[in-house]
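Participant: pasting the sequence and the predicted model now:
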Amino acid sequence: MDRHERLINAVNATATQTSRGLWTPAPGRGIGVCMVLNLTAFTTAASLTLRLEAINPLSGNPLEDASIWATSAVVIAVSATSMLVGPFWTDAIFTVLDTKIYIPLPAFWRANVLHGNANAHTYTVDAFWV
């Protein structure tokens with residue numbers, strides 16, 4: 001991932017969980033990540049959760065439930081929600097973000113959008129190093 005990248009681009013409505021694997025950046029790229037889930041359309045009822053999962057690089061599977069971090073609220077309407085993961089923030093600096101998680105970014109991780117129902121959703125996930 002460069003400084004900023006669209007990680008997930010569900011431009012056609014999808015009813016299935018979507019993820020994309022990444023890893024901690026090379027020196028000079030930042031030590032944390034900010035991700036933004038932008039729900040632009042849905043049918044019937046929306047139910048999306050943005051998650052950052054530490055993964056096993058060999059299997060691609062999450063390490064365990066304790067290594068999964070999610071946004072504090074489920075997205076149920078056309079809107080955006082954000083998540084910041086990194087070891088050094090203060091609440092005063094990033095007051096506009098929805099979820100802040102004060103941990104070092106795992107070496108291998110993925111962005112994952114969890115669907116809470118079988119309805120179709122159209123959304124994107126953008127991320128940038130901080």
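Facilitator: Great, that's in hand.
Participant: how about the secondary structure of the spatially most distant residue from the centre of the chain?
Facilitator: Distance from the centre of the chain peaks at T44, with 23.3 Å (CA atoms, centre = their mean). Secondary structure for T44, judged by DSSP: H, G, I helix; E, B strand; the rest coil, is coil.
Participant: what segments of the protein are helices?
Facilitator: With helices called from DSSP state H, the chain shows none.
Participant: low pLDDT regions in it?
Facilitator: For the chain, applying pLDDT under 70 flags the ranges 1-5, 11-13, 21-30, 65-67, 88-97.
Participant: re the thing from before, once you drop chain neighbours, what's closest to the residue farthest from the centre of the chain?
Facilitator: N119 (4.9 Å; CB to CB, 6 or more residues apart in numbering). In short, each C-beta sits where N, CA and C put it, glycine included.
Participant: kindly provide the distance from that neighbour to N9.
Facilitator: Distance of N119 to N9, given as CB to CB, to the nearest Å: 19 Å.
Participant: ok, V78 next?
Facilitator: Distance from V78 to N9, by CB to CB: 17 Å.
Participant: same check on Y123?
Facilitator: In terms of CB to CB, Y123 sits 9 Å off from N9.
Participant: which of those two has more neighbours?
Facilitator: Y123 (24 against 13; other CB atoms under 10 Å).
Participant: wait, the more buried one touches L39, no?
Facilitator: Yes. The pair Y123 / L39 is scored as a contact, 4.6 Å apart, by CB atoms under 8 Å.
Participant: list residues touching both of those two?
Facilitator: Common contacts of Y123 and L39 (CB atoms under 8 Å, 6 or more residues apart in numbering): L48.
Participant: can you map out the strands along the chain?
Facilitator: 4-14, 18-23, 33-42, 48-54, 68-70, 79-85, 99-101, 108-115, 121-129 (DSSP state E).
Participant: can you redo those strands as CSV with distance to N61?
Facilitator: CSV is the format used below for the strands of the chain (distance: least, CB to CB, whole Å):
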stretch, distance to N61
strand 4-14, 18
strand 18-23, 10
strand 33-42, 20
strand 48-54, 9
strand 68-70, 11
strand 79-85, 19
strand 99-101, 21
strand 108-115, 10
strand 121-129, 20
